[in-house]
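K.L.:
just need the structure, nothing else, for what follows:
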Amino acid sequence: MIRSKLFVSAILSVVLAGSVNAERIVSVGGPITEVVYALGAQDQLVAADTSSVFPEAATKLPQVGYQRNISAEGVLSVKPDLVLLAATAGPPPAIEQIKTTGVRMEIIPEQYTLEGVLEKIHRIGDVIGKKAEADALTAKLEKQFAAVKKDTIKIQPKIIFLMSRGPGTPVAAGKNTAANSMIELAGGVNVVTEFDGYKTVTPEAIVSMNPDIIVTTTRTRDAVGESNLIKSVPGLELTTAGRTNRVVCMEDLKLLGFGPRTGDALQELKKDFASTAVTAK
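P.N.:
Have a look, this model is predicted:
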């Protein structure tokens, strides 16, 4: 009986060790891939999705499609022993196909909070066997987040976040979005409060909102042209932000990913917001 228990214990030890020492990881979701690199586990990555654009080395990995439309065949072709998935990953048939093969899958929750950043890093660290590295990284971020919270802005500037999904008028970020959370965490006020998610806004509404600052992403800037952003949204030229050409642009994943660079992004935003708040009405 004792031998039997020892044998079972040994088997469980092997299984548990394998559960945190994946040698072939597929990462689906830009923030997840960024965390894997930040924890020093990049040598374990064998593929990533197309949203994994930072660091640049991640773009050199075999790609398995966009996170919301991954290829099950592409994932399985690299013979992973662990697939890390963003909560928004899909489509469901592809996820189910991977699951039926027995490959271990871990879904990483997405929360647009500073606490969510820390939880994400701890979760990934535990799963890939980088707990100590995750503890060190989150300790560093906690100090950075505390400094950001302490540095308050006396006058909160009014912000509109614009993002382009392709040809046409950029959409604005409403409530329950990563952009809204970043605006508020950096000390600004999102002028778009009438809806959740990302939608177009009428020229009349934009003029009425009268934002002090436009926040956007590098991808949006490149899509519409740096000099055309304000002109691309009807009504924006008549706002304080449009008349003064106050545009803050940041790399997409850094601004919206809620990953290892979130503290840096908030510090940059807060600095931009504070300089504008001096003259904000």
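
K.L.:
which ones are touching R24?
P.N.:
R24 makes contact with 44, 46, 78-82 under the criterion C-beta atoms under 8 Å, 6 or more residues apart in numbering. In this view, the C-beta of every residue, glycine as well, is placed from N, C-alpha and C.

K.L.:
check those and tell me the two furthest apart.
P.N.:
Greatest spatial distance among the contacts of R24 (C-beta to C-beta): Q44 and K79, at 13.0 Å.

K.L.:
now, the contacts of R24 that are in strands?
P.N.:
46, 82 (DSSP state E).

K.L.:
re earlier: which one of Q44 and K79 is surrounded by more residues?
P.N.:
Per other C-beta atoms under 10 Å, whichever of Q44 and K79 has more neighbours is Q44, with 20 against 11.

K.L.:
correct me, but that one touches V36?
P.N.:
Yes: counting by C-beta atoms under 8 Å, Q44 touches V36, with 7.4 Å between them.

K.L.:
shared neighbours of these two, anything?
P.N.:
Counting by C-beta under 8 Å, 6+ apart, the residues touching both Q44 and V36 are 25, 128.

K.L.:
so S27 is in which element?
P.N.:
strand 25-28 (DSSP states H and E).

K.L.:
in the next helix-or-strand element following that strand, what counts as buried?
P.N.:
Sequence-wise, the next helix or strand downstream of strand 25-28 (DSSP H and E) is helix 30-38. Residues 30-38 are the ones in helix 30-38 that count as buried (16 or more other C-beta atoms under 10 Å).

K.L.:
mind putting those residues in TSV, distance to H122 and pLDDT included?
P.N.:
Below are those laid out as TSV (distance: C-beta to C-beta, whole Å; pLDDT from 0 to 100):
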residue	distance to H122	pLDDT
G30	19	98
P31	14	98
I32	13	98
T33	17	98
E34	15	98
V35	10	98
V36	13	98
Y37	16	98
A38	13	98
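
K.L.:
what would those residues look like in a markdown table with distance to L141?
P.N.:
Converted to a markdown table, the buried residues of helix 30-38 look like this (distance: C-beta to C-beta, whole Å):
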| residue | distance to L141 |
| --- | --- |
| G30 | 18 |
| P31 | 13 |
| I32 | 16 |
| T33 | 17 |
| E34 | 13 |
| V35 | 11 |
| V36 | 16 |
| Y37 | 15 |
| A38 | 10 |
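
K.L.:
for T100, state which of those residues is nearest.
P.N.:
For those, the nearest to T100 is I32 (22.3 Å; C-beta to C-beta).

K.L.:
I'd say the closest one and V127 touch.
P.N.:
No: taking C-beta under 8 Å as the definition, I32 is not a contact partner of V127, at 10.2 Å.

K.L.:
quickly list what's touching both of those two.
P.N.:
L84.

K.L.:
which helices and strands does the helix of greatest length in the chain pack with?
P.N.:
Secondary structure of the chain per DSSP state H: the longest helix is helix 131-150. Judged by 3 or more C-beta pairs under 8 Å, 6 or more residues apart in numbering; DSSP states H and E, helix 131-150 is in contact with helix 114-128, helix 262-277.

K.L.:
least confident of those, on average?
P.N.:
The minimum mean pLDDT among the helices and strands packed on helix 131-150 belongs to helix 262-277 (a mean of 90).

K.L.:
any residues touching that one, and which ones?
P.N.:
With C-beta under 8 Å, 6+ apart, helix 262-277 has contacts from 114, 117, 141, 144-145, 147-148, 151, 153-157, 159, 182-183, 185-188, 212-213, 215, 246, 248, 250, 254-255.

K.L.:
what is the orientation angle of that helix with helix 30-38?
P.N.:
Counting by axes from the mean of the first three to the mean of the last three C-alpha atoms, to 10 degrees, helix 262-277 lies at 120 degrees to helix 30-38.

K.L.:
from the chain's centroid, how far away is helix 262-277?
P.N.:
Centroid separation between helix 262-277 and its chain, computed with C-alpha atoms, centre = their mean, to the nearest Å, is 17 Å.
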